[in-house]
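In: quick check, what structure comes out for this input:
(chains A, B, C and D)
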There are 4 protein chains.
Amino acid sequence: MPSASMSEDEKVFKDPVHGYIYVHDPVIWALINTKEVQRLRRIRQLGTASVTYPGGDHTRFSHSLGVYEVIRQILLAFERNNYAWPHHLDRLAMVSGLLHDVGHAAYSHALEPVIGMRHERWSERIILDPTTEVHQVLNEVYPGFAQHVADVIGKRYPNPLVVSLVSGQLDADRLDYLMRDSIFTGVDYGKFDLARIIRVMLPKEDKIVVRKSGLHTVEAYLLARYFMYWQVYFHPVNRSAEVILRMILERAKLIHESLFMPHPALRRLLREQSEMSLEDYLAIDDNVLTNAFNVWSSATDVVLSDLCRRWMGRHLFKYLEYPTSNLKAVFDIGQDVASLGFDPQYYCVVDETGTVYYDYYVGGEGTSGKEGALFLWDDEKAQLIEMSRLSKPISAIARERQMVRRLYLPEEVLSHPIIGPRIVQRMAPSDVR
Amino acid sequence: MPSASMSEDEKVFKDPVHGYIYVHDPVIWALINTKEVQRLRRIRQLGTASVTYPGGDHTRFSHSLGVYEVIRQILLAFERNNYAWPHHLDRLAMVSGLLHDVGHAAYSHALEPVIGMRHERWSERIILDPTTEVHQVLNEVYPGFAQHVADVIGKRYPNPLVVSLVSGQLDADRLDYLMRDSIFTGVDYGKFDLARIIRVMLPKEDKIVVRKSGLHTVEAYLLARYFMYWQVYFHPVNRSAEVILRMILERAKLIHESLFMPHPALRRLLREQSEMSLEDYLAIDDNVLTNAFNVWSSATDVVLSDLCRRWMGRHLFKYLEYPTSNLKAVFDIGQDVASLGFDPQYYCVVDETGTVYYDYYVGGEGTSGKEGALFLWDDEKAQLIEMSRLSKPISAIARERQMVRRLYLPEEVLSHPIIGPRIVQRMAPSDVR
Amino acid sequence: MPSASMSEDEKVFKDPVHGYIYVHDPVIWALINTKEVQRLRRIRQLGTASVTYPGGDHTRFSHSLGVYEVIRQILLAFERNNYAWPHHLDRLAMVSGLLHDVGHAAYSHALEPVIGMRHERWSERIILDPTTEVHQVLNEVYPGFAQHVADVIGKRYPNPLVVSLVSGQLDADRLDYLMRDSIFTGVDYGKFDLARIIRVMLPKEDKIVVRKSGLHTVEAYLLARYFMYWQVYFHPVNRSAEVILRMILERAKLIHESLFMPHPALRRLLREQSEMSLEDYLAIDDNVLTNAFNVWSSATDVVLSDLCRRWMGRHLFKYLEYPTSNLKAVFDIGQDVASLGFDPQYYCVVDETGTVYYDYYVGGEGTSGKEGALFLWDDEKAQLIEMSRLSKPISAIARERQMVRRLYLPEEVLSHPIIGPRIVQRMAPSDVR
Amino acid sequence: MPSASMSEDEKVFKDPVHGYIYVHDPVIWALINTKEVQRLRRIRQLGTASVTYPGGDHTRFSHSLGVYEVIRQILLAFERNNYAWPHHLDRLAMVSGLLHDVGHAAYSHALEPVIGMRHERWSERIILDPTTEVHQVLNEVYPGFAQHVADVIGKRYPNPLVVSLVSGQLDADRLDYLMRDSIFTGVDYGKFDLARIIRVMLPKEDKIVVRKSGLHTVEAYLLARYFMYWQVYFHPVNRSAEVILRMILERAKLIHESLFMPHPALRRLLREQSEMSLEDYLAIDDNVLTNAFNVWSSATDVVLSDLCRRWMGRHLFKYLEYPTSNLKAVFDIGQDVASLGFDPQYYCVVDETGTVYYDYYVGGEGTSGKEGALFLWDDEKAQLIEMSRLSKPISAIARERQMVRRLYLPEEVLSHPIIGPRIVQRMAPSDVR
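Out: Numbers count the residues shown, from 1 in each chain, chains lettered A, B, ... in the order given. Reported below is the predicted structural model:
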């Protein structure tokens, strides 16, 4: 069972999602043991979500292993069924799956706007930089392998089948994280029949499609996404924790010169992030940020220390939902907030987020289309059919952008006898929760 | 589902172990939202165990909620069956369960020898200190309630039934952590039939016993402990991570004056831990330590930075098992280690640990006995029978202390062409793993 | 654990769906032990479905216990939350749930058209007939209790809340069978968050509604129904087994006078079912029919023995799907079938079935409406909103009747080199599976 | 998903135990569709156990598929690890696993004493008889294949490795039924880590052993057996149902000439079972017996009709446990029973059963030994060690025969005001349950 046993040829990890994760390829094993991949142990998969789901503390590391395992299982199924698949690229696919998130920033998506660079770019940089352990392992496979892996993750690799395994409408990334987030949070909605999805997947020309007999299985998978967004990813309290985290970082950026920095890389992150070195970037993980918030709870800056104490003690902001953008009302509420002594820049925060559960655009059905579309293969008619044409529930949630708009405010403001009701009224029709 | 919803009377937490955790008592709710309980979100239940079980990142916070929930369910079962139970103490029992681990140190048991004070003592201190949020909530129940809670946790409370719910051979603490550790690591061995255990528990005079019909259910629970020790708690790679963590702390203690401290409380912890303030103690969580190890990876002290880099990159020590203590051999191996330039104080570490799966001492059966014993209630004969007298497998693992003795060394030492084999021989008969 | 233990006050059944089913009321216990309820052990919940799902052999008995348990849990939740609920009717509700299927015929729905009387009517008859053990137990509660139970099952009981717990859009019957069928077949699609559904249910005036915060939980439940229909209830091979079963019974009815009857009640069933005695009806269970098919495998009637052998050896009919009714084609195919020596009345069988996943008709929203509608309670606006107005996926599958139309034929016919392709062409555009 | 789909190359069955059961070999597929294997759908795996565990209605058919699947997975693991295994015998192993129970009698073990021939013998007969569909499929593989399969099942096949996969201390049969019985009854005790057991299995010379690192996994498996015996297989109420079933058959045998036989094969079974034809044997399944009990509930023979009514309505016998054989007391109690008008031959039934959880006899350790022993392979010392030498709990339950001795009597007898207490006293020290 343990990852460190040396006497067994086959390495395994016990995993609540897949039972066991099997490693036979020494390249995979060497990559897992690089410091860059080990760093993912210190980055939570769901960022702040354990604020509402106490079980949701799983990491990018376990997710990365899971993506690798899903790809491994898909490739086994393709082999078993003698599908037309370029099996000489199997290692490339599995390595790309394992490394697709290697550049993820601390607290996942919350840090990205502060850094101004997406994690996929950092992943590529880690893979290509000759100083990283990851690169050194890749380079020993063959010169140019690292570049190929970076190209798959960057969606530039010439073989679209390999790319779609890692990033596509039905990729190993989503297949793992929906199941994993569902199991660790305890939210059952994200579960679907992974074994059967793998069984109905089929490489067809330049993309991975699904046999028509798997229609309902894939429906269930897309609906699982829909449910997980509502129950977890858009959860108002999770978002509240993320809002505070963002405000802390923005405040710290502003006053960084006078601030104690518990980690040297943190200063460079907050001052000159565009020229941040790879070493600095890799040094920063969830612990570095959380420790900083801990230390800054006693900072002299009133705003920063207050925000940090709220974060540490989980005294989060409350929120008002509003159906459509209303800048005037937000501006007025900002003034109400200020009248109580709170700087509206940090204490009156608009949070707008959204997603499209399933997108598609099909130039000419049956041929190729935009990557967003998910196709079913009708064996008898020998043609591809876009998913939403066969499924009413999917058609109902397809293409449209689902928006969530909330205004976050301190509880003290909303419960103020005069200001509170006034704010609610400004935003009406709205709900205080 | 979310903990923050205000409009519903009944609060719940989704939990992979118990399905839902229900909170009806506003005192429980207020305690959960204190900063001292929220701090437990930042302390992993299993310390270093996610080194081998990537899913095992669950926290003391989710465990504390779980202990509360198990007590709640036990009390409901007692009520449903009209057992002779002091129900006016229900709140005391549930609060004590929730708070029993509130004083846990970062990385659980690894830090305790460095601080030289057990976490139960800190729990009591947090409960009794008038400056803590926890104390303030407790004090509003009635003056003296905080003291009662401290007494239950300290096993001094006059009613032994309440004490045994929180700390006993079949307490809510173990019932939760065995299930929780089992589910999050993915190791199935720790599962048992919790619902049925609750159903066969019975308050009898001064202790909680089990109906005789529950014999096999309780056997399965005790065997689950046995398995979890071998698969998780004694796992050699987990222990290796803990060994390195301990060495880091010892080294940092020695050289603390010249060391950058990323958190002010850390300096006081390493310098004068006996006079540590409660505030300092509470400031230190897993993130503070992990961030320190991260920063110290670049420290000028060669030993410290090397140990920290090993910890961060999971380049742990290997080990030799040895059946009986052999001080002479360890001393000689220390010299071998030194000959390769490693300070044996940090690079040749003896790790001896052990447990007794089930202990008992019974002065006179049928009456009262030592708290360690687990009794079955035979309804027909109207007498109590000590567990191991009815069960062969339990009798086989009872009372004896199971010892694990390992010597941890760097891989470089063990794989050295001359020194390696010599060390193995010194320790023979032994196994290199 | 066992149902027969006499020494414990609380009786339980171990159950893969609910963990444990708890019985505290001696009336429930006495009813479970009547011969009419015990008969449900011999009637499979899913009729022929274990033909495709080998695990699906669970019985109406375990389902009946499950319905009782779900009602028990709902009532506990109502009590815990102090909802306005007529708790003096709790026993009536639980008993009605336990007995709602007591009149189910062998092989569930397959037998009903042959008997020409729906199982709900037989349930009422069993409850009201003074000779049944069930009636005798009910009568001891109070005179008139049996009538009340029959009225709840027959939807005539004056309190609509009690009725809706047993038969409604979100009743305990569906809540149990979707979960149960899902778990025993191994088809994951039917699972949903039962504990949370129970938590968001709310009695409101004359019906049970759902808090608005439970929207997505109820969506998942309605979609589970949708998936179970496609994966299990409409499964073409299950339907094929049911088609053969129906043909056997029709043939046996026609020639019953010359047929050996392995159970005396069977002759009366096939001859004069309208005057069938209750005793005869209760005598017939799955075993009686299956044994008859076994015996009739050697009958001299060629059609009957052939159909029975097909049934026993699972040599079922194949099918053609057709999108719209096409009587002319079916007639022509019947002649093709006859040309190969098969009587089309038994060997060319149209199977049309359908359902509406979620139906509603609302006279005036916010007030009362047709029972089919499922309402959400918006606490802030203090109004009821019909489900499909808030959910796109549910709106997409609501109200429309989903039809499945298949023509079942022997494999020998479809694989005939000349007749086979001709039949496929007649039915084109269609699929042979 | 369904077994009948023709367009997919890989056939699967959904299964609550293994997720999916995969069939690639057309011989396996053809065997599954023979009428002899389909007959196993009508024989419950646990005989009467659903009397206490309402979920336990799973069949020998699903178990047989499961045994096949476990063997398939073991062979895949052997192949992956390049173990020395005769892979040209893989089909023989999988077919033998699928067919090992094909001769099982109705109600499993209850019928065997009445017939006087063990089911393994019938399995061989079915495999070898040229008139069966099973034989015809086997014969097409190659002449002599049927004989090889029969030899594996009969433990005469020259290659002991193949035999031990089907019948041994750690065979696929036990691995499946413990898991299956555990899952369907809902009794968690029978679960163990099947995936890991498969991973640590190792063919070593003439037997299948387990790597030493798998010690605790195999401990858990052996303890699962121990628990399942107590919770399910020895369950006193299950045994009570089996006692009644046996009494019914014995009575029916005695009076068979004057009895209506609802199935012609039944008369031959009860009259002249030793000369029973294979056709007759195969005709009898659970339904035939249950239907007969149903019909005989109205028989004129008072004993038979009473026993049948008890069986149908689950009015089973109660029992007294007694620690050691006491023929005198049983004889006296028989007279008490007779004094109340019950024939003691049918109403005062001794039920003695027992098992050895783990047996071994080892001539010379490290070499070969009796098949009962389970060996661990110590890679470093390159030697085999018998299991119980390394495990205290297993050593505690090994070799000794666990006996259960119960006397079954009608409830009316035990609750008789005078006779009841007298019987209890005669049997003292004993327990009435």
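
In: all contacts plus neighbour counts: C-alpha atoms, from now on.
Out: Noted.

In: so what's A:Gly313 closest to, chain neighbours aside?
Out: B:Lys35 (4.4 Å; C-alpha to C-alpha, 6 or more residues apart in numbering or on different chains).

In: with just CA atoms, put the longest helix anywhere in chain A into PDB.
Out: Using DSSP state H, we find that the single longest helix of chain A is helix A:60-80. Extracted in PDB, the C-alpha atoms of helix A:60-80 (Å, rounded to 0.1, in the frame of the first residue of the first chain):
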ATOM      1  CA  ARG A  60      -4.300  19.100  -6.000                       C
ATOM      2  CA  PHE A  61      -1.800  16.200  -5.400                       C
ATOM      3  CA  SER A  62      -4.500  13.600  -4.900                       C
ATOM      4  CA  HIS A  63      -6.400  15.100  -7.900                       C
ATOM      5  CA  SER A  64      -3.400  15.000 -10.100                       C
ATOM      6  CA  LEU A  65      -2.900  11.300  -9.300                       C
ATOM      7  CA  GLY A  66      -6.600  10.800 -10.000                       C
ATOM      8  CA  VAL A  67      -6.400  12.400 -13.500                       C
ATOM      9  CA  TYR A  68      -3.400  10.200 -14.300                       C
ATOM     10  CA  GLU A  69      -5.400   7.100 -13.100                       C
ATOM     11  CA  VAL A  70      -8.400   8.000 -15.200                       C
ATOM     12  CA  ILE A  71      -6.300   8.400 -18.300                       C
ATOM     13  CA  ARG A  72      -4.600   5.100 -17.600                       C
ATOM     14  CA  GLN A  73      -8.000   3.400 -17.300                       C
ATOM     15  CA  ILE A  74      -9.300   5.000 -20.500                       C
ATOM     16  CA  LEU A  75      -6.200   3.900 -22.400                       C
ATOM     17  CA  LEU A  76      -6.600   0.300 -21.100                       C
ATOM     18  CA  ALA A  77     -10.300   0.300 -22.300                       C
ATOM     19  CA  PHE A  78      -9.200   1.600 -25.700                       C
ATOM     20  CA  GLU A  79      -6.600  -1.200 -26.000                       C
ATOM     21  CA  ARG A  80      -9.000  -3.900 -24.800                       C
END
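
In: could you check how far A:His256 is from B:Met117?
Out: 37 Å (C-alpha to C-alpha, to the nearest Å).

In: more neighbours: which of these two?
Out: A:His256 (18 against 14; other C-alpha atoms under 10 Å in any protein chain shown).

In: so where's the stretch 301-433 of chain A uncertain?
Out: Within the stretch 301-433 of chain A, the set of residues satisfying pLDDT under 70 comprises A:360-371, A:429-433.

In: OK, contacts around the residue of it found nearest chain B?
Out: Distances between the stretch 301-433 of chain A and chain B by C-alpha to the nearest C-alpha are smallest at A:Gly313, namely 4.4 Å. By C-alpha atoms under 8 Å, 6 or more residues apart in numbering or on different chains, A:Gly313 lies in contact with B:Asn33, B:Thr34, B:Lys35, B:Glu36, B:Gln38, B:Arg39.

In: same thing but at 10 Å, please
Out: B:Asn33, B:Thr34, B:Lys35, B:Glu36, B:Val37, B:Gln38, B:Arg39, B:Arg41 (C-alpha atoms under 10 Å, 6 or more residues apart in numbering or on different chains).

In: the spatially closest residue to the last one that is not a sequence neighbour - how many residues pack around it?
Out: In other words, B:Arg41. Of all residues not flanking B:Arg41 in the chain, B:Phe61 sits nearest, at 4.9 Å (C-alpha to C-alpha, 6+ apart). Neighbourhood size, B:Phe61 [other C-alpha under 10 Å]: 25.

In: and for the one 5 residues further on?
Out: Under the neighbour criterion other C-alpha under 10 Å, B:Gly66 is assigned a count of 27.

In: that one against B:Gly97, yeah?
Out: Yes: if you go by C-alpha atoms under 10 Å, B:Gly66 and B:Gly97 touch, sitting 8.8 Å apart.

In: common neighbours of the two, please.
Out: B:Arg72, B:Ala172, B:Asp173.

In: which residue does the stretch 301-433 of chain A have closest to chain D?
Out: Closest point on the stretch 301-433 of chain A to chain D, by C-alpha to the nearest C-alpha, is A:Asp379, at 8.4 Å.

In: for the helix or strand containing A:Leu245, packing partners?
Out: A:Leu245 belongs to helix A:236-254 when assigned by DSSP states H and E. If contacts are counted by 3 or more C-alpha pairs under 10 Å, 6 or more residues apart in numbering or on different chains; DSSP states H and E, helix A:236-254 sits against helix A:112-115, helix A:264-271, helix A:286-296, helix A:302-313, strand A:318-321, helix A:344-347, strand A:349-355, strand A:402-409.

In: avg pLDDT for it?
Out: With pLDDT averaged residue by residue, helix A:236-254 scores 94.

In: ok, now stretch A:84-91?
Out: On average, stretch A:84-91 scores 95.

In: now it: buried residues?
Out: A:Trp85, A:Asp90, A:Arg91 (16 or more other C-alpha atoms under 10 Å in any protein chain shown).

In: and the last one, backbone torsions?
Out: Going back to what we said before, that points to A:Arg91. Backbone torsions of A:Arg91, given as degrees, to the nearest 10, read phi -60, psi -40.

In: then A:Asp378?
Out: Note on A:Asp378: backbone dihedrals following degrees, to the nearest 10 are phi -90, psi 110.

In: contact partners for the nearest residue to it once chain neighbours are set aside?
Out: In space, and not counting its chain neighbours, A:Asp378 is closest to A:Lys212: 5.3 Å by C-alpha to C-alpha, 6+ apart. Taking C-alpha under 10 Å, 6+ apart, we find A:Lys212 in contact with A:200-201, A:218, A:375-380, A:384-385, A:387, A:390.

In: how about A:Leu316?
Out: Contacts of A:Leu316 by C-alpha under 10 Å, 6+ apart are A:51, A:237-244, A:307, A:309-310, A:408-411, B:4.

In: swap in 8 Å and give it another go.
Out: A:Val237, A:Ser240, A:Ala241, A:Ile244, A:Arg310, A:Pro410, A:Glu411.

In: so the fifth one versus A:Val51, what's the distance?
Out: In this structure, A:Arg310 and A:Val51 are 12 Å apart, going by C-alpha to C-alpha.

In: the more surrounded of these two?
Out: Higher neighbour count among A:Arg310 and A:Val51: A:Val51, with 23 against 20, using other C-alpha under 10 Å.

In: so that one touches A:Arg239, yeah?
Out: No: contact between A:Val51 and A:Arg239 fails when scored by C-alpha atoms under 8 Å: they sit 9.8 Å apart.

In: my read: A:Pro410 touches A:Leu307, true?
Out: No: contact between A:Pro410 and A:Leu307 fails when scored by C-alpha under 8 Å: they sit 10.3 Å apart.

In: the two: who's more crowded?
Out: A:Leu307 (23 against 19).

In: isn't that one right up against A:Ile248?
Out: Yes: here A:Leu307 reaches A:Ile248: they are 6.2 Å apart, a contact under C-alpha under 8 Å.
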